[in-house]
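K.L.:
Make a model of this:
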Amino acid sequence: MRRREFVLLLGGAMTAARALHAQQKALPVIGYLNATSPRPYAANVAAFLEGLREAGWVEGQNVVIEYRWAENHNDQLPAFAADLVGRRVDVIVASGGLVAVLAAKSATSTIPIVFPAVSDPVAAGLVASFARPGGNLTGFSPFQFELMPKRLELLTELVPQARVIALLVSPNDPRNADLVRDLQEVGRANWLQLQILEANSARELDAAFASLAALRAGALVVGVDPFFFIQRDRLVGLAAQHAVPAIYPWRDVVAAGGLISYGANITALHRQAGIYTGRILKGEKPADLPVQQPTTFELVVNLKTATALGLTIPSSILARADEVIE
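P.N.:
Presented below is the predicted three-dimensional model:
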């Protein structure tokens, strides 16, 4: 190839690359910040993309998504959030727990932020009110912490002979102190002893379950930290290994073999978050989009797991169940 032809060819390639880059930059960009991992969160991401499509946006066609996964290393979230802000994304979707939303909020006061699932965002300082968020954040609140007393009540109905019940929480959530206080009051009112277990790693989960026998815990309430969601297969295996009846916040855990769950449909909230994100990309402001709360909650029971544990699910629970997995 002659030198002149090579220069012309190289120049053409560079021009094409610049044109492609300009085309890509012309598309709006969503920054997706998550405190957890891609595989366990796949269904929620798929639901988010579905909602985004309902709002008229398709990844790779008319919108670009920059994903940042902290893999449960929360210390990386501030840097990931700052990186997304530096890339001038048009909106940040912060999921996988309150810690991801706080990291995004600390990184920007101007870029819109959507959270798919945060319990009591007003108390967390994210928004001014549910009806009028007031700043650059909006999203959905699934009542996860607020439903913990109800989960304890369901568990005592399922295992009435259990007088000692363990509560598994992550040490990272500052809201745990209020949660433990509220559940302790419920326990005392029902002549129950509540034992608090903490775990934030696979090894700590193993140790927590190994301690159940010594504590004489007859049942277990699993907390709402996203770490437990992504460790659902391990939780199910440990509950089976130690033959402990456990209640969870998420249907996904019962589908994976857990005993019982009660809570909002988190996957559906991620779809709604996709719709909100699409509306923001079209020009709506987070301050004008109220924080929404679910109006229905799912009670899901796994009969196969109950049989393996030697439990008979009371008819009172079966009659209320939204789904019974056989």
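K.L.:
now do the same end-to-end measure for stretch 194-213.
P.N.:
14 Å (CA to CA, to the nearest Å).
K.L.:
and that stretch, which residues are buried?
P.N.:
194-195, 197, 199-200, 204-205, 208-209, 212 (16 or more other CB atoms under 10 Å). In this view, the C-beta of every residue, glycine as well, is placed from N, C-alpha and C.
K.L.:
And for stretch 64-84?
P.N.:
Buried residues in stretch 64-84 (16+ other CB under 10 Å): 64-65, 68-70, 72, 74, 77-78, 80-81, 84.
K.L.:
Out of the residues you listed, the closest to A256 would be?
P.N.:
N72 (18.3 Å; CB to CB).
K.L.:
Just the buried residues of stretch 194-213: which are in strands?
P.N.:
194-195, 197 (DSSP state E).
K.L.:
rewinding a little: columns distance to D173 on top of the buried residues of stretch 64-84, output as CSV?
P.N.:
CSV is the format used below for the buried residues of stretch 64-84 (distance: CB to CB, whole Å):
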residue, distance to D173
V64, 32
I65, 27
R68, 21
W69, 20
A70, 15
N72, 13
N74, 11
L77, 14
P78, 17
F80, 19
A81, 19
L84, 23
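K.L.:
what about A321, how many residues close to it?
P.N.:
Applying other CB atoms under 10 Å, we find 16 residues neighbouring A321.
K.L.:
For it, list the residues it contacts.
P.N.:
Neighbour list for A321: 299-301 [criterion: CB atoms under 8 Å, 6 or more residues apart in numbering].
K.L.:
ok, of those, which come out buried?
P.N.:
299-301.
K.L.:
quick one: which of the residues you listed sit in strands?
P.N.:
299-301.
K.L.:
Among these, which one sits closest to P171?
P.N.:
V300 (27.7 Å).
K.L.:
May I have the beta-bridge partners of the closest one?
P.N.:
In this structure, V300 bridges to S261, E323 when assessed by DSSP bridges.
K.L.:
can you put the buried residues of stretch 194-213 in TSV and add pLDDT and distance to A268?
P.N.:
Below are the buried residues of stretch 194-213 laid out as TSV (pLDDT from 0 to 100; distance: CB to CB, whole Å):
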residue	pLDDT	distance to A268
L194	93	31
Q195	95	33
L197	96	30
A199	95	28
N200	91	28
E204	97	31
L205	97	28
A208	98	30
F209	98	30
L212	97	33
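K.L.:
Most widely separated two among these?
P.N.:
Of all pairs in the buried residues of stretch 194-213, the most separated under CB to CB is L194 and N200 at 19.8 Å.
K.L.:
Look at the closest residue to F140 other than its chain neighbours and give its secondary structure.
P.N.:
Spatial nearest neighbour of F140, chain neighbours left out: L269 (4.5 Å); criterion: CB to CB, 6 or more residues apart in numbering. Secondary structure assignment for L269 (DSSP: H, G, I helix; E, B strand; the rest coil): helix.
K.L.:
what about L269, how many residues close to it?
P.N.:
If we define neighbours as other CB under 10 Å, then L269 has 26 of them.
K.L.:
and the most centrally placed residue in the chain, what does it touch?
P.N.:
In the chain, the C-alpha nearest the mean C-alpha coordinate belongs to G96, at 4.1 Å (CA atoms, centre = their mean). Counting by CB under 8 Å, 6+ apart, G96 touches 34-36, 41, 70, 226.
K.L.:
N265: which of those is nearest?
P.N.:
Nearest member of those to N265, counting by CB to CB, is Y41, at 15.1 Å.
K.L.:
Determine the number of other residues adjacent to the closest one.
P.N.:
20.
K.L.:
residues contacting it?
P.N.:
Per CB under 8 Å, 6+ apart, neighbours of Y41: 34, 95-96, 230.
K.L.:
Now intersect the residues you listed with the helices, please.
P.N.:
I230 (DSSP state H).
K.L.:
of the contacts of Y41, buried ones?
P.N.:
The buried subset of the contacts of Y41 - by 16+ other CB under 10 Å - is 34, 95-96, 230.
K.L.:
Pick out the most distant pair among the residues you listed.
P.N.:
S95 and I230 (11.9 Å).
K.L.:
now E198, nearest residue through space, not along the chain?
P.N.:
Going by CB to CB, 6+ apart, E198 has P171 as its nearest residue, at 4.6 Å.
K.L.:
Contact partners for the closest residue to Q76 other than its chain neighbours?
P.N.:
Residue nearest to Q76 in three dimensions, not counting chain neighbours: A70, with 4.8 Å by CB to CB, 6+ apart. A70 is in contact with 33-36, 76-77, 80, 96, 100, counting by CB under 8 Å, 6+ apart.
K.L.:
give me that answer again for 10 Å
P.N.:
33-37, 76-81, 96-97, 99-100, 103 (CB atoms under 10 Å, 6 or more residues apart in numbering).
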